[in-house]
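Asks: Got a predicted structure plus its sequence, pasted below:
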Amino acid sequence: MGMSPPVIRRLLTEGASWSLIRENGTRLGAMPVQNDTDPKLSAYTHPERLVTTQWLAEHLGEPGLVVVESDEDVLLYDTGHIPGSVKVDWHTELNDPVTRDYVDGQRFAEICGERGISRDSTVVFYGDRNNWWATYALWVFSLFGHPDVRILDGGRAKWVAEGREMTTEQSKPERAEYPVIERDDSTIRAFKDQVRAHLGKPLVDVRSPGEYSGELLHMPDYPQEGAVRGGHIPGAASVPWARAAAEDGTFKSRKDLEDIYQREQGLSPDDDVIAYCRIGERSSHTWFVLTHLLGFPQVRNYDGSWTEWGNSVRVPIAVGTERGSVS
Amino acid sequence: MTASVELPPKLSELVDDFSEVGVKDRLQLLLELSQELPALPERYAGHRDAMEQVHECQTPLFLAVEVDPERTVHLFFDAPPEAPTTRGFASIMYTGLDGESADTVLGVPNDFYLALGLGEAVSPLRLRGMAAMLARIKNQVRSAR
């Protein structure tokens, strides 16, 4: 690490006033937005990472709270969104436009600043398809260590199903100052070589059964993101990501999640786990479940996923429904 | 690109509309088109088995192609409201090609959609659904000969 940075440093913010900044970039004295104390959430290890639709409806507009919609469909937000929310598009905004990688700290600071997000904002993500892309956006924000990130349990579908307010009115957030933070790829992100070195330790493949066995070279209905080889990384357990979601798009209860990941699949919170899918989006949903709901401290998302592994030369692959092992 | 090939007039007009505005307005245009996609006529409504699924679209899209005795092509699309991008793509096809002759539809360059300049706005990956839509429309027109 070299020289350790001072715990608190001074930062000149716009308007030329000095404020005291903690090491994680948040301002001293900023009031946090309170947590949702809903009993379903409190059963999870990190209930502060979730809010219910009721909580959000009650806290909309509160200073320090920014609601971010992140969808698969790039236009869905524009057809109507939660009042005051802003949109982040995974494809055109969170990815670097040239290199297969995420944006850098400079660009991330711009993305946040434009949306009125400062380092101490409470950011609540919601989106379509069981919060698939919302958890992906949350994971990318976590690469930059944004301290207070939360998911709206049930996402867009639940909010709409409950008849809660939606608007097409354009949100006009006041620009915020966001510090340039170096992305930390070492804690919650895994790269191909690290996955190779990890073989023999727990891996979770969250794709559909057909993709796992190798029958399908792509996700059902998404043939454009294929790979030249089918199958899975040897030793990987098959747990399709959406098993963690209930009918109404909320996360399943703690007990139901433990039944799937711990009792059925034999994972343990002490495990060093890597989750993957096709490009790392579905597996960020599973990463969220394991990390924040079940409290596994060492979970990484392999965003290269099958579109990298299944196109790589001479990497081991297991075909069929069995986990397989590395010989 | 495809500038030398003549597009049918309404499709050509759409290409002009898209290429004349900036990235943000292209999205707005696509959103408006998505809202204008006509509802299915009774003979298709609720009859997805009578339609062809375009698997290449990220959200299920169903299409039906009819070629009448005058060799005029009629297009029908079905995509859910929570998939506005897919609906927008379908609406481009409908607005640009419905009512054209079979030969005109078959003559549309497969990569015409590149000229819409949507790659930057919605990402090239999402755009591939549009290419697949055109390919499937052409196949159906051919088989209706």
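Replies: Noted; the coordinates are in hand.
Asks: so how far is A:W241 from A:D256?
Replies: Counting by CB to CB, to the nearest Å, the separation of A:D256 from A:W241 is 15 Å. All C-beta spots, glycine's among them, are computed from the backbone N, C-alpha and C.
Asks: Revised request: answer the last question for A:T37.
Replies: Between A:T37 and A:W241 the computed distance is 28 Å (CB to CB).
Asks: So the two - more neighbours on which side?
Replies: A:W241 (25 against 11; other CB atoms under 10 Å in any protein chain shown).
Asks: out of everything not next to it in sequence, what's closest to the more buried one?
Replies: Counting by CB to CB, 6 or more residues apart in numbering or on different chains, A:W241 lies nearest to A:V206, which is 3.9 Å off, once chain neighbours are set aside.
Asks: what does B:S19 give?
Replies: Per CB to CB, 6+ apart, closest to B:S19 is B:G117, 5.3 Å.
Asks: what does A:T168 give?
Replies: Per CB to CB, 6+ apart, closest to A:T168 is A:G80, 5.4 Å.
Asks: same deal with B:A45?
Replies: In space, B:A45 is closest to B:A39, 7.3 Å off (CB to CB, 6+ apart).
Asks: now do B:P41
Replies: In space, B:P41 is closest to B:F76, 7.0 Å off (CB to CB, 6+ apart).
Asks: So what sits opposite that neighbour in the bridge?
Replies: Beta-bridge pairing for B:F76 (DSSP bridges): B:A64.
Asks: Could you count how many residues lie near it?
Replies: Neighbour count for B:F76, taken as other CB under 10 Å: 21.
Asks: Looks like A:V51 contacts A:F125 (just checking).
Replies: No. Look at A:V51 against A:F125 with CB atoms under 8 Å: they stay out of range, at 10.0 Å.
Asks: shared neighbours of these two, anything?
Replies: Residues touching both A:V51 and A:F125 (CB atoms under 8 Å, 6 or more residues apart in numbering or on different chains) are A:150-152.
Asks: ok, which stretches of the chain are helices?
Replies: With no chain named, the answer covers chain A. Counting by DSSP state H, chain A has helices at residues A:39-42, A:53-59, A:105-114, A:132-143, A:155-161, A:192-198, A:209-213, A:254-258, A:282-288, A:305-309.
Asks: let's do chain B instead
Replies: Along chain B, counting by DSSP H, helices occupy B:9-20, B:23-36, B:84-97, B:102-106, B:119-122, B:124-143.
Asks: least reliable of those going by mean pLDDT?
Replies: Comparing mean pLDDT over the helices of chain B, the weakest stretch is helix B:119-122, at a mean of 84.
Asks: ok, residues contacting it?
Replies: The set of residues external to helix B:119-122 that reach it, using CB under 8 Å, 6+ apart, is A:74-75, A:91-92, B:23-24, B:26-27, B:30, B:85, B:127.
Asks: Filter these down to the buried ones, PyMOL style.
Replies: Selecting the buried subset of those in PyMOL, with 16 or more other CB atoms under 10 Å in any protein chain shown as the burial test, is done by:
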select buried, (chain A and resi 74+75+91+92) or (chain B and resi 26+27+30+85+127)
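Asks: just curious, which of the contacts of helix B:119-122 is nearest to A:Y102?
Replies: Nearest to A:Y102 among the contacts of helix B:119-122: A:H91, at 11.9 Å, using CB to CB.
Asks: Close to chain A: what parts of chain B are there?
Replies: Proximity of chain B to chain A, by CB under 8 Å from any CB of the partner chain, involves residues B:27-28, B:30-31, B:34, B:55-60, B:81-86, B:88, B:120-123, B:125-126, B:128-129.
Asks: list the contacts for the residue nearest the centre of chain B?
Replies: Centre of chain B computed as the mean C-alpha position; nearest residue by CA atoms, centre = their mean is B:M93, 2.2 Å away. Listed by CB under 8 Å, 6+ apart, the contact partners of B:M93 are B:75, B:77, B:130, B:133-134, B:137.
Asks: got those as CSV, with neighbour count columns?
Replies: Output for these, formatted as CSV (neighbours: other CB atoms under 10 Å in any protein chain shown):
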residue, neighbour count
B:L75, 23
B:F77, 25
B:M130, 25
B:M133, 23
B:L134, 22
B:I137, 23
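Asks: Let me know the closest of these to A:T135.
Replies: B:M130 (27.8 Å).
Asks: Distance of the closest one relative to A:G113?
Replies: B:M130 is 33 Å from A:G113, by CB to CB.
Asks: With A:I279 instead?
Replies: 27 Å.
Asks: So those two - more neighbours on which side?
Replies: A direct count of neighbours by other CB under 10 Å for A:I279 and A:G113 places A:I279 higher, at 21 against 17.
Asks: Quick check: the more buried one touching A:T307?
Replies: Yes. Shown here, A:I279 and A:T307 form a contact pair, counting by CB under 8 Å, at 5.5 Å.
Asks: can you give me the strands in chain A?
Replies: Per DSSP state E, chain A carries strands over the ranges A:8-13, A:17-22, A:50-51, A:65-69, A:86-87, A:122-126, A:149-152, A:189-190, A:203-205, A:237-238, A:273-276, A:299-302.
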